[in-house]
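Chemist: Output the structure for:
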Amino acid sequence: MVDEETVSPLALKWKLRVSPRARYARLQIKPYGGLEVIIPTRFPRNEVPDLVAKHEAWARRQLARQSKLRQSIRLPRLLTLAFDNSSIPVVYKGDSLQFNFDLFDEPSTDQIVIQASGHRERVHELRDWIRSKAQASFPALLEQISTRTGLEFNKLSVRSQKTRWGSCSRRGNISLNDQLLFLPVKTVEYLMIHELCHTRHLNHSRAFWTLVEKHCSDFRAHEQLLSDSRNLVPDWFLLDLYS
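Modeler: Sure, this is the predicted structure:
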């Protein structure tokens, strides 16, 4: 993988990434990183400027759109997690705006204190908090479901994944997306059952789905919710994730 920064004749900047896994050359807009050109290992470097020029109008439109999106996104004053129905006040150090605790009938002393002053740095702190919360919350629930179903796993890791809610390896290692905190706990439980069933069937065969249904009869409803749930993850989290 090689990263380079290049400027086109029309002063359109882009970063070049050579990826052994890429099958074809493509352009993508990274929310905080601008225009990125991804090419396969054998793609001729001297053809990249022509590729960018061909799609320059599209790239400029997308860059302008991303700029407006970044300016419109506001960080939360109250972080709400569907997983445990919690709402945690967020305090930004050095911010002149004070959180109004009178909004609650029973004010909580718990709060998230963000030390950073820059927007992106604050997002990173919030994401770190989410990750820590998920790492503290998911293991006990997964162990409970593993015991109940009799489906054993090797170890658990929690990550911020772009496309997957979870995964299971051949060794029985389960990975869960920290963004599951924004989903209802029943759906998170189903996702855990789904991954635990992969410890028996590392595929989506009929036998796999039969085992899933044995432990979660309404799995189809949860599958649909998982497919539609990216809109439950806050924009500020997703924008940084895809940068």
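
Chemist: so who does T199 touch?
Modeler: Applying Cβ atoms under 8 Å, 6 or more residues apart in numbering to T199 gives the contacts L151, E152, F153, C168, G172, I174. The C-beta positions use only the backbone N, C-alpha and C, and glycine is treated the same way.

Chemist: Please narrow the residues you listed to those residing in helices.
Modeler: Using DSSP state H, no member of those falls in helices.

Chemist: Would you mark the buried spots in stretch 18-25?
Modeler: Across stretch 18-25, burial judged by 16 or more other Cβ atoms under 10 Å covers V18.

Chemist: Now tell me what touches that stretch from outside.
Modeler: Residues contacting stretch 18-25 (Cβ under 8 Å, 6+ apart): M1, V2, V37, I38, I39, P40, T41, F43, E47, V48, L51.

Chemist: So the last one, which state does it fall into?
Modeler: Here L51 is recorded as helix under DSSP: H, G, I helix; E, B strand; the rest coil.

Chemist: quick one: the strands in the chain?
Modeler: Along the chain, the stretches classed as strands by DSSP state E are 3-7, 13-18, 26-30, 34-39, 78-81, 86-92, 112-114, 155-159, 166-168, 173-177.

Chemist: Just put those strands in JSON lines and tack on distance to K186 and mean pLDDT.
Modeler: Formatted as JSON lines, those follow (distance: least, Cβ to Cβ, whole Å; pLDDT from 0 to 100):
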{"stretch": "strand 3-7", "distance to K186": "42", "mean pLDDT": "51"}
{"stretch": "strand 13-18", "distance to K186": "40", "mean pLDDT": "90"}
{"stretch": "strand 26-30", "distance to K186": "34", "mean pLDDT": "85"}
{"stretch": "strand 34-39", "distance to K186": "38", "mean pLDDT": "90"}
{"stretch": "strand 78-81", "distance to K186": "14", "mean pLDDT": "96"}
{"stretch": "strand 86-92", "distance to K186": "16", "mean pLDDT": "95"}
{"stretch": "strand 112-114", "distance to K186": "25", "mean pLDDT": "95"}
{"stretch": "strand 155-159", "distance to K186": "19", "mean pLDDT": "96"}
{"stretch": "strand 166-168", "distance to K186": "15", "mean pLDDT": "96"}
{"stretch": "strand 173-177", "distance to K186": "15", "mean pLDDT": "97"}
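
Chemist: Thank you kindly, that will do.
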